[in-house]
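J.: just a sequence and a predicted model for now, questions to come.
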Amino acid sequence: MKKKLTNIEVILIVGTTIKVLGLIYKILLTRILTIEGMRIMSFVFPTLSLVLCLSSLSISTVVNQNIAAKLNNSKTILKSAFRITFISSSIISIFLLFSFPLYKVIYQNSFIYYPLLICIPLIYLSNTSGLFKGYLEANNNFKIPYFSNLYEQIAKFSLTFSMLFIFAKYSLEVKIFMCFFALMLSEVVSFTYLFFKVKKKHRFSYRAIDTKGYEKNILKQAFPLTLDQLAVTITGYLEPLIFYYAMGLHGYSIYEATLYYTKVSSYAVPLLLFAQFGILSIAKYTFPKITKNQGKKELQSILSKAFFLAAIIAASNMVISLFYAKETLQFMYNDASAAAIVEKMAIFYVLSYFNPLLISILQSYKQEKKLLFCSVASYTITLFLVFFLTYIYGKTGFLTSIIIGNILKFSLLLFFANQYVHFKPNFVRMFLLLGIILIYLCFNYFYTGWLTLFISTLVCALLALGLFYFLYRNNKTYSYIKMHK
């Protein structure tokens, strides 16, 4: 038990370091490239995200699931997955090579083609790294994937700002190109680390493995997961367009609409979901355990621990969003204009923190189609509400539509996930944890200030973690099953 907790703690520490480096990276990059540079980069990133989504086919998740559930020999699974991802990466790369005319028509800026062109090696490297990570995580080896992410972030940070310093006197386009070149090189660092770590511990003879058509099984699982990710990407494209149109009908200018959407999407939402990386880490750690313990008594204890830790992380971010939004945004972006938006949405966004765990449950039970239904249904309704409520109520209507969409997705995920795990929370434990969270909220409500935040966070975190260790230190005495016989 102690070893498992140590693994979680290592993952959270490394994940926190990656998140902090990422935050500093974004702040410095914004100040160096200015708004115009970030505007041009915003044209490239959605296309790059779409390319990675289509080429990866969510193979990393499928590999993790298949190996954890022992659906086939791990070598067969890896070779089948590698074949699929190599072919998909090649098809998407060829498309990118011949996509030059599209950017001049869509964005009226052909420069976007060149950063994407330099990212073609990144597609192969990123997707292959995903296979290695899925394999390692399925075997409860989380340290190597997380350290690879850390080294990638360090490489991206150091290479990007070194190049920006070297090319400081060059044009904005050259600086942006070098940023994406640094991004590609940082993926090389991550891939190299993973490759040698996997090769050192596990020797595979690629030619000697006969997959016997197992690629079909992987694709059958991969397509719904890819469509789910594609639904997220497409929604990200359509939402601003629908919002701008509805705001225009309501009487706002296009400048006012784009400015407000930027405040919501680039300032408010990132702060509201800032600590979700911690939940994602817990979900990754829990995913293979759910897969291996389906139908076993240990599953309830595994889920109970995961949701307990998720509630602690969600509460800490909610306090910052509710009471310190202005100070945090001012520190991060030197612009606190989105503080009121964050404060209005903070309580409702707490539910979103539990989504990664619910998604892991559905993926563990191979319910990719239900996961796809949750995404398509919630995003479709959200887009409809974005138009309808924004047209009637303006900015308030837009915020309301986002809140309703988040609550709907959480409700659908919870409903379907509970059909398989039948999770029944221990109310004694739940009320003890809620008591600590309530003390945390009240303390910051009545006594705001950075010192108050630091002391209250430290004290309540120690209380919550102490409660965690007390409840779960002895499975025989405090197990969920025994308390609910």
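T.: Yes, it's here.
J.: what's the offset of whichever strand or helix holds Ser411 from the middle of its chain?
T.: Here Ser411 is covered by helix 395-421, with elements defined by DSSP states H and E. In terms of C-alpha atoms, centre = their mean, to the nearest Å, the centre of helix 395-421 is set 17 Å apart from its chain centre.
J.: which other helices and strands contact it?
T.: Using 3 or more C-beta pairs under 8 Å, 6 or more residues apart in numbering; DSSP states H and E as the contact criterion, the neighbours of helix 395-421 among helices and strands are helix 215-250, helix 298-323, helix 339-349, helix 355-364, helix 368-393. To be clear about C-beta, it is placed using only N, CA and C from the backbone, and glycine gets the same treatment.
J.: restrict the very next helix or strand once past that helix to CA atoms and write it as CSV.
T.: Counting by DSSP H and E, the element after helix 395-421 in chain order, helix or strand, is helix 427-446. Provided in CSV are the C-alpha atoms of helix 427-446 (Å, rounded to 0.1, in the frame of the first residue of the first chain):
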residue,chain,number,x,y,z
PHE,A,427,-21.1,8.5,3.6
VAL,A,428,-19.0,8.6,6.8
ARG,A,429,-15.8,9.2,4.8
MET,A,430,-17.6,11.5,2.5
PHE,A,431,-18.9,13.8,5.3
LEU,A,432,-15.5,13.8,7.0
LEU,A,433,-13.9,15.0,3.8
LEU,A,434,-16.7,17.5,3.1
GLY,A,435,-16.2,18.9,6.6
ILE,A,436,-12.5,19.6,5.9
ILE,A,437,-13.4,21.2,2.5
LEU,A,438,-16.1,23.4,4.2
ILE,A,439,-13.5,24.6,6.8
TYR,A,440,-11.2,25.4,3.9
LEU,A,441,-13.8,27.4,2.0
CYS,A,442,-15.0,29.3,5.1
PHE,A,443,-11.5,30.2,6.2
ASN,A,444,-10.7,31.8,2.8
TYR,A,445,-14.2,33.4,2.6
PHE,A,446,-13.8,35.3,5.8
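J.: can you name the residues in contact with helix 427-446?
T.: The set of residues external to helix 427-446 that reach it, using C-beta atoms under 8 Å, 6 or more residues apart in numbering, is 304, 308, 311-312, 315-316, 318-319, 322-324, 452-453, 456-457, 460, 463-464, 467, 471, 483.
J.: what comes up buried for that helix?
T.: Buried residues in helix 427-446, counted by 16 or more other C-beta atoms under 10 Å: Arg429, Leu433, Ile436, Ile437, Tyr440, Leu441, Phe443, Asn444.
J.: that one vs helix 298-323, what angle?
T.: Helix 427-446 and helix 298-323 are oriented at 10 degrees to each other (axes from the mean of the first three to the mean of the last three C-alpha atoms, to 10 degrees).
J.: what's the spacing between stretch 258-272 and its chain's center?
T.: For stretch 258-272, the distance to the chain centre is 17 Å (C-alpha atoms, centre = their mean).
J.: next one: stretch 27-37
T.: The chain centroid and the centroid of stretch 27-37 are separated by 23 Å, computed with C-alpha atoms, centre = their mean.
J.: so for it, what gets flagged as buried?
T.: Of the residues in stretch 27-37, Leu29, Thr30, Ile32, Leu33, Gly37 count as buried by neighbour count, 16+ other C-beta under 10 Å.
J.: same question, stretch 63-77
T.: Residues 63-69, 71-72, 74-77 are the ones in stretch 63-77 that count as buried (16+ other C-beta under 10 Å).
J.: can I get these in a markdown table including distance to Leu358 and secondary structure?
T.: Conversion of the buried residues of stretch 63-77 to a markdown table gives the following (distance: C-beta to C-beta, whole Å; DSSP: H, G, I helix; E, B strand; the rest coil):
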| residue | distance to Leu358 | secondary structure |
| --- | --- | --- |
| Val63 | 21 | helix |
| Asn64 | 17 | helix |
| Gln65 | 16 | helix |
| Asn66 | 21 | helix |
| Ile67 | 22 | helix |
| Ala68 | 18 | helix |
| Ala69 | 19 | coil |
| Leu71 | 22 | coil |
| Asn72 | 27 | coil |
| Ser74 | 27 | helix |
| Lys75 | 32 | helix |
| Thr76 | 30 | helix |
| Ile77 | 25 | helix |
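J.: could you find the lowest-pLDDT member of those?
T.: Ranked by pLDDT, the buried residues of stretch 63-77 bottom out at Leu71 (68).
J.: pretty sure Thr17 sits against Leu150.
T.: Yes. Distance between Thr17 and Leu150: 6.2 Å, which falls inside the contact criterion (C-beta atoms under 8 Å).
J.: the two: which is more packed in?
T.: Summary of the neighbour comparison: Thr17 and Leu150, criterion other C-beta atoms under 10 Å, with Leu150 having more neighbours (18 against 15).
J.: quick one: what helix or strand has that one in it?
T.: Remark: Leu150 resides in helix 143-166, with elements defined by DSSP H and E.
J.: show me what that helix is packed against.
T.: helix 2-56, helix 120-138, helix 172-201.
J.: make it 10 Å
T.: Here helix 143-166 touches helix 2-56, helix 120-138, helix 172-201, helix 276-292, going by 3 or more C-beta pairs under 10 Å, 6 or more residues apart in numbering; DSSP states H and E.
J.: Ala246: which of these is closest?
T.: For Ala246, the closest of the helices and strands packed on helix 143-166 is helix 2-56, at 20.6 Å, according to C-beta to C-beta.
J.: for that closest one, the distance to its chain's centre please.
T.: In terms of C-alpha atoms, centre = their mean, the centre of helix 2-56 is set 9 Å apart from its chain centre.
J.: tell me the mean pLDDT for that helix?
T.: Averaged over helix 2-56, pLDDT sits at 75.
J.: same list, the buried residues of helix 427-446, but as JSON lines with pLDDT please.
T.: JSON lines is the format used below for those (pLDDT from 0 to 100):
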{"residue": "Arg429", "pLDDT": "83"}
{"residue": "Leu433", "pLDDT": "89"}
{"residue": "Ile436", "pLDDT": "91"}
{"residue": "Ile437", "pLDDT": "91"}
{"residue": "Tyr440", "pLDDT": "92"}
{"residue": "Leu441", "pLDDT": "92"}
{"residue": "Phe443", "pLDDT": "89"}
{"residue": "Asn444", "pLDDT": "91"}
